[in-house]
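> Sequence first, predicted model second:
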Amino acid sequence: MNDVLATIDAAVQTVENNPVLNISIFGAFVAVTLFIVIRASRNSKTAADYYAAGRSFTGPQNGFAIAGDYLSAASFLGIVGAIAINGYDGFLYSIGFLVAWLVALLLVAELMRNTGKFTMADVLSFRLKERPVRMAAAITTLAVCFFYLLAQMAGAGGLVSLLLGITERVGQSIVVAVVGILMIVYVLIGGMKGTTWVQIVKAFLLIGGALVMTVWVLAINGFNLNTLLESAVAASPKGEAVLAPGLQYGKNPWDFISLALALVLGTAGLPHVLMRFYTVPTAKEARRSVVWAIWLIGLFYILTLVLGYGAGALVGSEAILAAPGGVNAAAPLLALALGGPLLLGFISAVAFATILAVVAGLTITAAASFAHDIYANVVKKGDVPPDGEVKVARRTVIVIGVLAILGGIGVQGQNVAFLVALAFAVAASANLPTILFSLFWRRFTTRGAVWSMYGGLGSALVLIFLSPVFWGTPTSVFVDTGVAIWPLNNPGIVSIPLGFFLGWLGSVTSRRAEDPRKAAEMDVRSLTGFGAEKASNH
């Protein structure tokens, strides 16, 4: 116990004693990435440049960018923390996120790339009545992006607070605001091209940093995984329970099933990941980018197992929970234990880059959805001057940035991986049923699409609001206030099947038949890519 207290003291003191070093590394990183963004932004003139980076990236480049987009603060900070505290049950996040990627690859990635132009709504409205479907798709996109943004902002607040030793809530709120302002600057200047280059740099640094730390942890344990696990068991107050399932989800298996459904099905409905496929010139490059992404993401999730148990063994769960940022501090504190303030500064800068890059990707997706789908196609009915759409997108970025800052201040202290699981649940409930029905079911109708999207989104949001996420526990948004009406933390077990059911029900009760020629054209284009390049150039 004394060792643990000593570690806590050492951690907090070291962090407090080296804010200048931490800020210097962090400032250098921001300067380099801003330089990249400004260089890349020179050609962001048209909508295709701003939203899809002029479709100028190769498969491997886009593979790194996809990995950069997908390996968010949840993957690094949240999962390492979850494994350090809850062992086996924390690693389920890694497995869920990885398996989810296979669903996205096999079912939707290439078909979406071939059919669409800039956004998910392009695909969903391709053969249905355009305005109601675009409106619904844009609203669900904005909802998913907002939940995901909350997670990243919570991670940013905790991380920078740890670096600067800030424990007061007001100080952490100021940090979240600074992150939000930086993010707005990145997206306004760089568009998708600048954001993509930041993603590529960040993926290199994140996977490289995780690899170095993993080898270091294994070296300390004689490159023997058994020795590492024994050390983690010895250091954990929960003992051998950290190696067995059930520590976090044993009390309520329904919560676990709900989480698993959300993680595995959510990725295929994440608009900011799907939008990545529009940045490559051909369907063949889209396939190559997916292969690269799977290898990179798979490697990273294997590393989280060693990093999580390593943090549990070398730092200890009490020290992690006592640090600013709580659970999300496990990876930075492990870096501190291994390589002192210098490694802490580097890993924190990488984690911060992770947050900044993902937040920029989310913001540009949300802005594209509002400007391209709601403003250009619903409000203006396609009658927009060439630069009008990009102007509206840039204004939207500022609004989204402000909302993300306010939301991020509200969810401080929550586990980032858990918050992302909520975003996945909303994506799987509101977007995935409509995407699958649009691509694979000829009889799908406009009513089915609208019912599915609004019904899936509404049910997920209502269940989240009635759950322990908001009420009745020490980690709820309203701390120790009231009692949760809905007992599960994740709504996926109800809202995902409901989204599919409403899509089917709306379609079979609809009297209006959709255009069979459009359905046939969509089949041909999604499977062959014929016409996709032509759509790209409009």
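The structure has been received and is ready for your questions.
> following the helix ranked longest in the chain, which helix or strand shows up next?
Using DSSP state H, we find that the single longest helix of the chain is helix 169-220. Downstream of helix 169-220, the first helix or strand assigned by DSSP states H and E is helix 225-235.
> In terms of secondary structure, what does that following helix contact?
In terms of contact count using 3 or more Cβ pairs under 8 Å, 6 or more residues apart in numbering; DSSP states H and E, helix 225-235 is assigned the packing partners helix 169-220, helix 283-314. All C-beta atoms are positioned from the backbone trio N, CA, C, and that covers glycine.
> could you redo the last one with a cut-off of 10 Å?
Packing contacts for helix 225-235, counted by 3 or more Cβ pairs under 10 Å, 6 or more residues apart in numbering; DSSP states H and E, involve helix 2-17, helix 79-86, helix 169-220, helix 283-314, helix 317-322.
> List the buried residues in it.
Buried positions in helix 225-235, judged by neighbour count with 16 or more other Cβ atoms under 10 Å: 228-233, 235.
> which other residues reach that helix?
The contact list for helix 225-235 (Cβ atoms under 10 Å, 6 or more residues apart in numbering) reads 3-4, 7, 83-84, 87, 217-218, 220-222, 224, 239-243, 305-306, 308-319.
> relative to helix 283-314, how tilted is that helix?
50 degrees (axes from the mean of the first three to the mean of the last three Cα atoms, to 10 degrees).
> what's the offset of helix 225-235 from the middle of its chain?
With Cα atoms, centre = their mean, to the nearest Å as the basis, helix 225-235 stands 30 Å off its chain's centre.
> tell me the mean pLDDT over it?
Looking at helix 225-235 alone, the average pLDDT works out to 86.
> low-confidence ranges in this structure?
Scanning the chain for pLDDT under 70 picks out the ranges 1-18, 41-56, 73-74, 116-118, 325, 386, 413-417, 475, 477, 527-538.
> Adding distance to residue 40 as columns, could you present the buried residues of helix 225-235 in CSV?
As requested, these are arranged in CSV below (distance: Cβ to Cβ, whole Å):
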residue, distance to residue 40
228, 41
229, 44
230, 48
231, 44
232, 42
233, 48
235, 45
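> re the thing from before, please identify the most buried of the helices and strands packed on helix 225-235.
By mean neighbour count, with neighbours taken as mean count of other Cβ atoms under 10 Å, helix 79-86 ranks first of the helices and strands packed on helix 225-235 at a mean of 30.
> Now for residue 491, how many residues are close by?
Number of residues near residue 491 (other Cβ atoms under 10 Å) recorded here: 29.
> what sits against it?
Applying Cβ under 10 Å, 6+ apart, the residues contacting residue 491 are 258, 261-262, 422, 425-426, 428-429, 456, 459-467, 469, 498.
> Report the buried residues of the host helix or strand of residue 400.
In this structure, residue 400 is located in helix 388-410 according to DSSP H and E. Along helix 388-410, the positions that meet the burial threshold by neighbour count (16+ other Cβ under 10 Å) are 389-390, 392-394, 396-397, 400-401, 403-405, 407-409.
> How about stretch 518-527?
Neighbour counts using 16+ other Cβ under 10 Å place 519, 521-523, 525-526 of stretch 518-527 among the buried residues.
> Now intersect those with the strands, please.
Counting by DSSP state E, none of the members of those fall within strands.
> Rebuild those as CSV, extending it with distance to residue 174.
Written out in CSV, the entries for these read as follows (distance: Cβ to Cβ, whole Å):
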residue, distance to residue 174
519, 53
521, 53
522, 49
523, 53
525, 49
526, 47
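> If we only consider the residues you listed, which is nearest to residue 27?
Residue 27 has its nearest neighbour among those in residue 526, at 45.9 Å by Cβ to Cβ.
> how far away is the closest one from residue 519?
11 Å (Cβ to Cβ, to the nearest Å).
> same check, this time on residue 192
Residue 192 sits 30 Å away from residue 519, going by Cβ to Cβ.
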